[in-house]
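*Asks:* Just to be clear, the model below is a prediction. Sequence and coordinates:
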Amino acid sequence: MTDIVVSDLSVDLGRGMVLQGIDLTIAAGELTCVVGPNGAGKTTLMRSIAGEIPDHGGSILVNERPIDRISIEDRARLRAFLAQTDRTDIPYTAAVVVAFGTHISALDGEGQRTNVEANLEALEIAGLAHQVVSTLSGGEQRRVAIARTFAQDASVILLDEPTDSLDLAHADLVMRLAVDRARAGRTIAVTSHDLNLAARHGDRIIMIDEGSIVADGDANEVLTEALLSSVYRCRVQIATHPDDGGPVVFL
């Protein structure tokens, strides 16, 4: 199993400190959800862990190795990263795009085909396999990108706003698939603006505001009226979910 250990992480992207003094460990086996308002630093944190922001203070260890000292090829084998935005103008079918994720894996040709088919099926886009991605809807394109990320078969999976542009059912599906992979021993972190999805599926919620971690725990510990009202600068109310007793967030 692979752990992510972030120590005293600070990032300045030229407009001031985006992250400062971040210390956290993300363990395999549980779904970690990173939440917070726009501009809080969620994407910068995910990109830093993925090794896409090499100029930072502090250290990021993935499987006890500094992520910025791992070659691009080895990094691709170790971690899969779904960016917040993805290219959609490429003239390839959904199946080919998902197959891109298998190229770095140790799977043989038959294994790669099986992987692609399984992930197309899991994301409910098997019927779109031969459609050119640019002709698909925004939500369908997002599911293709997620399927490609899962097909990479990495031990660390980083998903930045994976449910953006997805309808209710498919957003829930993606989070359930993330949980399944966590339970299978993967190390998974997801950013989300949907606090109710995070509460419903996340084992651990990390709240970031203005570049710092302001809360870290389970949904009932983090998603409180007082904290959310303070962080989001508006009055937030919490109800109790009738099925699992978890928090339900509303204005």
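*Replies:* Yes, it's here.

*Asks:* Pick out the residue closest to the middle of the chain.
*Replies:* Leu159 (1.8 Å; Cα atoms, centre = their mean).

*Asks:* Tell me if I'm right that Leu61 and Ile4 touch.
*Replies:* Yes. Contact criterion Cβ atoms under 8 Å: Leu61 and Ile4 qualify, at 7.2 Å. C-beta coordinates here come from the backbone N, C-alpha and C atoms, glycine included.

*Asks:* do you know how far His130 is from Gly29?
*Replies:* 36 Å (Cβ to Cβ, to the nearest Å).

*Asks:* neighbour-wise, which of those two wins?
*Replies:* When His130 and Gly29 are compared for neighbours, Gly29 comes out ahead with 14 against 9, by other Cβ atoms under 10 Å.

*Asks:* Any idea what Gly57 is bridged to?
*Replies:* Beta bridges link Gly57 to Ser10, judged by DSSP bridges.

*Asks:* quick one, what contacts it?
*Replies:* Asp8, Leu9, Ser10, Val11 (Cβ atoms under 8 Å, 6 or more residues apart in numbering).

*Asks:* Looking at the spatially closest residue to Asn119 that is not a sequence neighbour now. What's its pLDDT?
*Replies:* Distances taken as Cβ to Cβ, 6 or more residues apart in numbering place Ala147 nearest to Asn119, at 4.1 Å, with adjacent residues excluded. We have a pLDDT of 97 for Ala147.

*Asks:* and if you look at Arg87?
*Replies:* Confidence score, pLDDT, at Arg87: 76.

*Asks:* can you count the residues close to it?
*Replies:* Quick note: Arg87 (other Cβ under 10 Å) scores 11 neighbours.

*Asks:* distance of it from Ile157?
*Replies:* 20 Å.

*Asks:* Kindly report the same for Gln141.
*Replies:* Taking Cβ to Cβ, one finds Gln141 at 19 Å from Ile157.

*Asks:* With neighbour numbers in mind, choose between the two.
*Replies:* Neighbour totals were compared for Gln141 and Ile157, and Ile157 leads with 24 against 21 (other Cβ under 10 Å).

*Asks:* For the more buried one, pull up the helix or strand it's in.
*Replies:* strand 156-160 (DSSP states H and E).
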